[in-house]
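In: Okay, sequence plus prediction incoming.
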Amino acid sequence: MPKPNKPNKPKKSKTLKKTKTLKKTKNKMISKTKYKELIKKRQHHKKLSLTERKQLDEALLANYCSCVKSLKYSTKVKDYLEYPVCMSSIYKKRGFIVPKNVNAKCKQTQ
């Protein structure tokens, strides 16, 4: 018995996945006063707008990554202790929830 004709599906072309890099220029970073103001707002459970939340999250991530990078090459800190030290100082002591895969996001930044 002949097989019934099926409509031909177009073949999917293979595309290369590009790895995302989280590049932030210094122009987009918020000032220290605005940073401290947003931190106080979040600590006291004040309402933050969407742009303020995004700005604060990006600034916290940038500070965490710079902390990790500075401690990683420091001779005063033992190997692999830079992650919990920075996590504690940037997120935990302020009462913030640590976002998932912070270390992976930190490796993506340049």
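Out: Yes, it's here.
In: which strands and helices sit next to the one helix or strand Lys34 maps to?
Out: Assigned by DSSP states H and E, Lys34 belongs to helix 32-43. The helices and strands touching helix 32-43, judged by 3 or more C-beta pairs under 8 Å, 6 or more residues apart in numbering; DSSP states H and E, are helix 50-72. C-beta coordinates here come from the backbone N, C-alpha and C atoms, glycine included.
In: relative to helix 50-72, how tilted is the next helix or strand after the helix it packs on?
Out: Next helix or strand after helix 50-72 toward the C-terminus (DSSP H and E): helix 82-90. Helix 82-90 and helix 50-72 are oriented at 140 degrees to each other (axes from the mean of the first three to the mean of the last three C-alpha atoms, to 10 degrees).
In: can I get the CA coordinates of the helix holding Lys34 in CSV?
Out: Taking Å, rounded to 0.1, in the frame of the first residue of the first chain, the C-alpha atoms of helix 32-43 are listed here in CSV:
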residue,chain,number,x,y,z
LYS,A,32,26.1,56.8,44.8
THR,A,33,23.4,59.0,46.4
LYS,A,34,20.7,57.4,44.2
TYR,A,35,22.1,53.9,45.0
LYS,A,36,21.9,54.6,48.7
GLU,A,37,18.5,56.0,48.4
LEU,A,38,17.2,53.0,46.5
ILE,A,39,18.7,50.6,49.0
LYS,A,40,17.0,52.5,51.9
LYS,A,41,13.7,52.3,50.0
ARG,A,42,14.0,48.5,49.5
GLN,A,43,15.1,47.9,53.1
